[in-house]
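Enquirer: The following comprises the amino acid sequence and a computationally predicted model.
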Amino acid sequence: MAVSHRDPQFVAAIDQGTSSTRCIIFDRGGTIVAAEQREHDQIFPRNGWVEHDATQIWVNTRQVCAQALATADLTAADIAAVGITNQRETVVVWDRATGEPIYNAIVWQDTRTEAMCEELASVGLDEPDRDRFKPSCGLPLASYFSGPKIAWILDTVPGARERAERGELCAGTIDSWLVWNLTTDDAGSAEPGRPMHITDITNASRTMLMNLADGAWDPATCAAMGIPMAMLPEIRSSAEVYGVVRERGVFGGVPIAGILGDQQAAMFGQAALDEGGLLHG
């Protein structure tokens, strides 16, 4: 028999990682009451290239969330909030109207943009400088980060750049992809009923496109990489109620109240809240 509660007594975490997606449900004391996991395909088109099927990741996310609820013998009404943690620099570009990806997700360890990074380090300079964007974003030019991956998709998929400039495409890390599919904006938004296109500051900080000084997308860096800012998600904090899961979703009506990149989430989970705290145990 399903357990009924006057008030929601549980929280759910979606952990979308490099090799699999998990959903874990915790009670008020932090005890795990259910955990489900499903692996997704690792796609290697050529040496150094690593891709994921973003649609498969979304399907797996729905499945593990439903399975976790079933395992715990709960319903969405029992869940107070859901949070998301994710592989960070992996990016997806999708059609704003249909929600369909225009290319596989390019994974954080993919190295196809190395030549692009070398070129960006040299354009307009007498000597190559991999740190040319570091004063803004805090990161060196490297294939590891998301910005060059987005630029590669725009340069490679026929018509993608033109569509992005017309505002027809969205880009984001996996947290943005999941929130887009999980939610619609509230009725008071400018475009009620449209999926939310957001990210949190920890994921945004790993794209090379965010200015650390103001926590906003940096126009100069986006222009240098040829990325229209209109395709980027709104940057939000890591802990707030962003919206609710659409009613037909497995967590229908449940607030989404947290987004953190996986390594930042691990630090938070280990209570590394002060500088040097983790080193001192």
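Expert: Structure received. It should be emphasised that the depicted structure is a prediction, and the values quoted were computed from it without experimental measurement.
Enquirer: any idea of the mean pLDDT in the helix or strand harbouring Ile84?
Expert: Per DSSP states H and E, Ile84 falls inside strand 79-86. Averaging pLDDT along strand 79-86 gives 94.
Enquirer: I'd like to know which elements that strand is packed against.
Expert: The elements that strand 79-86 packs onto, with contact taken as 3 or more Cβ pairs under 8 Å, 6 or more residues apart in numbering; DSSP states H and E, are strand 10-16, helix 174-182, strand 255-261, helix 262-269. The C-beta positions use only the backbone N, C-alpha and C, and glycine is treated the same way.
Enquirer: Which stretches in the stretch 101-250 of the chain count as strands?
Expert: Counting by DSSP state E, counting those that start in this stretch, one finds strands in the stretch 101-250 of the chain at the ranges 105-106, 169-173, 183-184, 198-200, 210-211, 216-217, 234-236, 243-245.
Enquirer: which stretch among those strands comes nearest Ala70?
Expert: Evaluated with Cβ to Cβ, those place strand 243-245 nearest to Ala70, the distance being 16.9 Å.
Enquirer: Tell me how many other residues crowd the closest residue in space to Leu139 that isn't next to it in sequence.
Expert: Counting by Cβ to Cβ, 6 or more residues apart in numbering, Leu139 lies nearest to Met208, which is 5.2 Å off, once chain neighbours are set aside. When neighbours are counted by other Cβ atoms under 10 Å, Met208 registers 31.
Enquirer: can you list the weak-confidence ranges in the stretch 151-281 of the chain?
Expert: Scanning the stretch 151-281 of the chain for pLDDT under 70 picks out 184-193, 262-272, 277-281.
Enquirer: Next, the contact list for the residue positioned nearest the centre of the chain, please.
Expert: By Cα atoms, centre = their mean, the chain has its centre lying nearest to Asp175, at 2.2 Å. Listed by Cβ atoms under 8 Å, 6 or more residues apart in numbering, the contact set of Asp175 reads Gln16, Ile84, Asn86, Thr199, Asp200, Asn203, Ile259, Gly261.
Enquirer: how does it look with 7 Å?
Expert: Applying Cβ atoms under 7 Å, 6 or more residues apart in numbering to Asp175 gives the contacts Ile84, Asn86, Thr199, Asp200, Asn203, Ile259.
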